[in-house]
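**Q** Any chance you can model this:
(one chain, ligands or ions: 1)
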Amino acid sequence: MKKLLLHLDTDPVASAFDQAVAYDAGVDNVISYGGATRDNVTAHVHGMIFTRGGKNLKNSAIFIGGSNVPASELVGKAVKKAFFGPVRVSVMLDPNGSNTTAAAIARKVLTNYDITDKKVVIIGSGPVGQRTALYLLKEGAAEVVLTSRSLERTKVITENMKETYGVDVTPGETRSDEAVQALLKDAHVAIASGPAGVCVVPKSAWQASDTLEVIADVNAVPPMGVEGIEVMDDNTEKSGVRFNGAIAIGNFKMKVHRGAVASLFDSNDQFLDETTIYDIACKIDNE
Ligand SMILES: NC(=O)c1ccc[n+]([C@@H]2O[C@H](COP(=O)([O-])OP(=O)(O)OC[C@H]3O[C@@H](n4cnc5c(N)ncnc54)[C@H](OP(=O)(O)O)[C@@H]3O)[C@@H](O)[C@H]2O)c1
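**A** Residues are numbered from 1 along each chain as shown. Model (predicted):
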């Protein structure tokens, strides 16, 4: 029986990237819709759950994407609501690649590295930064500081994370190179997850730290998020610090994305989101 993936994207036009990855993950046919909202997806979900019965249901699955992460999460809730008990299919939620990218950052940082009792500073508190904070705290980091250019905005984010996941993330503000340098002074891990094409960690800031051991950056658009990093750095040691650049992280992200899509077809009852995609990344990393 053919593997069918219903692709619901909250952007007006469904992502070509997510469709290409689905085919590379072994899906036979991707049924893509852009403009998905929590109010218009029920009929599409019914189209998937009412066409194949019993054990054949596992050959249908749903992927939810889109650049607006909160809107995609609402679509995820609407999809769940449209299921009837066991009459359901597996779902993967990865808006803007946030879950798979953060999982890849965390796995790269943790390569032969014990993060217990370490201080992590994440510069950029969008969905990628937030999920990376969650995963590294789960792995035992002593403290994770998450920053943006506004302490007020970061406080709202960290309060939401406490409410949603029960984790304590320290809010921070990095409006200047000096502020980044001060935060990195006693940090062990620095992660740049700011906007594409913006350098958020100057060389002076990481070079002034005597404690830094690992630096990662997910921005692949020049200038890099970390001055001095190369996109292909893959646990590359320079000046006593291990660097992971955006392409090295992106390559592993692609593996996680493909692996997660492929695993949707193992059963009809999975919901892969920010809390479960990391487990898949760990499994792939340990293979
Ligand atoms: N390599 C890959 O495979 C891959 C995949 C997906 C995403 N990405 C990259 O991952 C990065 C993060 O993605 P995202 O979706 O989380 O992005 P996002 O939602 O745009 O978040 C960026 C964050 O950076 C903060 N920021 C902006 N300028 C800053 C500055 N100068 N200093 C400190 N913080 C600053 C923003 O907050 P304020 O505006 O409040 O300051 C915001 O919290 C992007 O560069 C994206 O391109 C890479």
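**Q** tell me which parts of the chain are close to the ligand?
**A** Counting by Cβ under 6 Å from any ligand atom, the chain comes close to the ligand at 96-98, 101, 123-129, 147-150, 153, 174, 193-196, 198, 200, 218-220, 246, 249-250, 253. Where C-beta positions appear, they are placed from N, C-alpha and C, glycine not excepted.
**Q** Got a quick PyMOL command for the buried subset of the residues you listed?
**A** Buried residues among the residues of the chain next to the ligand (16 or more other Cβ atoms under 10 Å), as a PyMOL selection:
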select buried, resi 96+97+98+101+123+124+125+126+127+128+129+147+148+149+174+193+194+200+218+219+246+249+250+253
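**Q** where's L272 relative to A103, distance?
**A** For L272, the distance to A103 equals 11 Å [Cβ to Cβ, to the nearest Å].
**Q** between the two, what contacts are shared?
**A** Residues touching both L272 and A103 (Cβ atoms under 8 Å, 6 or more residues apart in numbering) are I280.
**Q** and those two? which has more neighbours close in?
**A** A103 (28 against 23; other Cβ atoms under 10 Å).
**Q** Work out for me the element the more buried one sits within.
**A** Assessed by DSSP states H and E, A103 sits inside helix 98-109.
**Q** which non-adjacent residue is nearest the closest residue to the ligand within the stretch 51-200 of the chain?
**A** Per Cβ to the nearest ligand atom, G126 is where the stretch 51-200 of the chain lies closest to the ligand, at 2.2 Å. Distance criterion Cβ to Cβ, 6 or more residues apart in numbering; nearest residue to G126, sequence neighbours excluded, is S193 at 6.6 Å.
**Q** I figured that neighbour hits V128, correct?
**A** Yes: using Cβ atoms under 8 Å, S193 makes contact with V128 at a distance of 4.6 Å.
**Q** which residues are in contact with both of the two?
**A** In contact with both S193 and V128: I105, V218, using Cβ under 8 Å, 6+ apart.
**Q** how is this structure carved up into domains?
**A** 4-97+254-285, 100-249 (automatic domain parsing).
**Q** No further queries at this time; thank you.
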